[in-house]
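Participant: Quick one: sequence plus predicted model below, questions after.
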Protein chains: 2
Amino acid sequence: MSQFPCNLSIALLHYPVYNKHREVVTTALTNLDLHDIARASRTFGLDRFYIVTPSVDQRILAEKIAGHWQDGWGATYNTDRKEALSIIKVCDTLKTAKAEFQSFFSKEVKTVITGAAKHPGSIGFNELRHSLTDPEQPFMLLLGTGWGLTGECFTAAGHILEPIQGTGSYNHLSVRSAAAIMLDRLKGTR
Amino acid sequence: MSQFPCNLSIALLHYPVYNKHREVVTTALTNLDLHDIARASRTFGLDRFYIVTPSVDQRILAEKIAGHWQDGWGATYNTDRKEALSIIKVCDTLKTAKAEFQSFFSKEVKTVITGAAKHPGSIGFNELRHSLTDPEQPFMLLLGTGWGLTGECFTAAGHILEPIQGTGSYNHLSVRSAAAIMLDRLKGTR
């Protein structure tokens, strides 16, 4: 890891998100979200992946999962996993996550919210990829769980990223798959 | 689903793959491999995703997972998941999977093997993307589990796909993340 963090980070939000009935809920952690997104983040040069949940129990669980591969049996069993999961930071709110990321930069952190629906005035992948070439401008990609981030989150975010377009009307990627594709589009070598 | 399948399919192989100690093993199914890769495949227009394992018990389990979302409680709970998992075909060997896919095409199915390591003479993503524009030429993407497909598989495959390049030396994507990125590179709308 370099002295200064990569100017792109990811925050995976477990609140406030919709459930299937469009009620605002806190979702439970999914173990493989942590693994897959940490591994993809590390592959594409990120060194901050924030797990955000207001639940104390769920934060303890997230620390336990990440810690297992840092200090536990997993640390010697799989050193690649250790490196990936070392970039996880567990936070109570998005505000806390932003403040942690902000501490490394003088320019204000811009949040970029993601989702499967189209929004007017959204930023394109190529535009964001270009913006990321300024290493002093930090961006935080906001990913939702459950049935997606609430409308309020979209209003509050700095930018809305265009959705990943499939080849037809079906467009239901897991957050793990969406994160991988976004990272490849924003940072991948072609 | 259209009358003729998409000319790209995926086969997820649980044998013959390496374990951590480079022994050839059969890996156990991972539930989220089925979900994530089926959802990404459906998003990018594929309508065949083969789960290949020589284990009878594991094939029964794969059918049970896919079936839960077809006929069980899951079919009405989440119809998007039903559509994605409907493309799963469970097979005992790659040969069986190839024969099923072959039955829809007169041109011979070309296998394209994938992995994290570089190989001389590998085919690039852009080249394969271009080849896929001929709808009569079928391609089957071979994905490994565990620590990757054996050397024998690489020798037998029609083509070797170039690895996904990250931004540094770390390159340890999950098979779910790798599949999502490959599908986006091969079929995604930009």
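Facilitator: Structure received.
Participant: Could you use CA atoms for every contact and neighbour count after this?
Facilitator: Will do.
Participant: in stretch A:31-42, what counts as buried?
Facilitator: A:33-42 (16 or more other CA atoms under 10 Å in any protein chain shown).
Participant: residues from chain A in reach of chain B?
Facilitator: A:36, A:39-40, A:42-45, A:80, A:165-174, A:176-178, A:180-181, A:184, A:187-190 (CA under 8 Å from any CA of the partner chain).
Participant: Buried ones among these?
Facilitator: A:36, A:39-40, A:42-45, A:80, A:165-166, A:170-174, A:176-178, A:180-181, A:184, A:187-188.
Participant: Show me the residues you listed that map onto helices.
Facilitator: With helices taken from DSSP state H, the overlap with those comprises A:36, A:39-40, A:42-43, A:80, A:176-178, A:180-181, A:184, A:187.
Participant: These: which two are farthest apart?
Facilitator: The most widely separated members of those, counting by CA to CA, are A:Asp80 and A:Ala178 (22.0 Å).
Participant: residue ranges for the strands of chain A, please.
Facilitator: Per DSSP state E, chain A carries strands over the ranges A:8-13, A:17-18, A:24-25, A:49-52, A:88-91, A:110-113, A:139-144, A:159-160.
Participant: Show me which helix or strand of chain A is least confident by mean pLDDT.
Facilitator: helix A:73-77 (a mean of 73; mean pLDDT, DSSP states H and E).
Participant: which residues sit against it?
Facilitator: A:68-69, A:81-82 (CA atoms under 8 Å, 6 or more residues apart in numbering or on different chains).
Participant: repeat that with 10 Å
Facilitator: For helix A:73-77, contacts defined as CA atoms under 10 Å, 6 or more residues apart in numbering or on different chains pick out A:65-70, A:81-83, A:85, B:20.
Participant: now stretch A:91-104
Facilitator: Against stretch A:91-104 from outside (CA under 10 Å, 6+ apart): A:3-16, A:48-56, A:58-59, A:62, A:89-90, A:108-111, A:136, A:138-140, A:142.
Participant: Just the buried ones from those residues, in PyMOL syntax?
Facilitator: In PyMOL syntax, the buried subset of the contacts of stretch A:91-104 is picked out as below (16+ other CA under 10 Å):
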select buried, chain A and resi 5+6+7+8+9+10+11+12+13+14+15+16+48+49+50+51+52+53+54+55+58+59+62+89+90+109+110+111+136+138+139+140+142
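Participant: circling back: need the ones in helices among the buried ones among the residues of chain A next to chain B in TSV with pLDDT and distance to B:Gly74, can you?
Facilitator: Shown next, in TSV, are those (pLDDT from 0 to 100; distance: CA to CA, whole Å):
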residue	pLDDT	distance to B:Gly74
A:Asp36	97	25
A:Arg39	95	30
A:Ala40	97	29
A:Arg42	95	34
A:Thr43	95	34
A:Asp80	80	35
A:Arg176	98	21
A:Ser177	98	21
A:Ala178	97	23
A:Ala180	98	26
A:Ile181	98	27
A:Asp184	97	32
A:Lys187	96	36
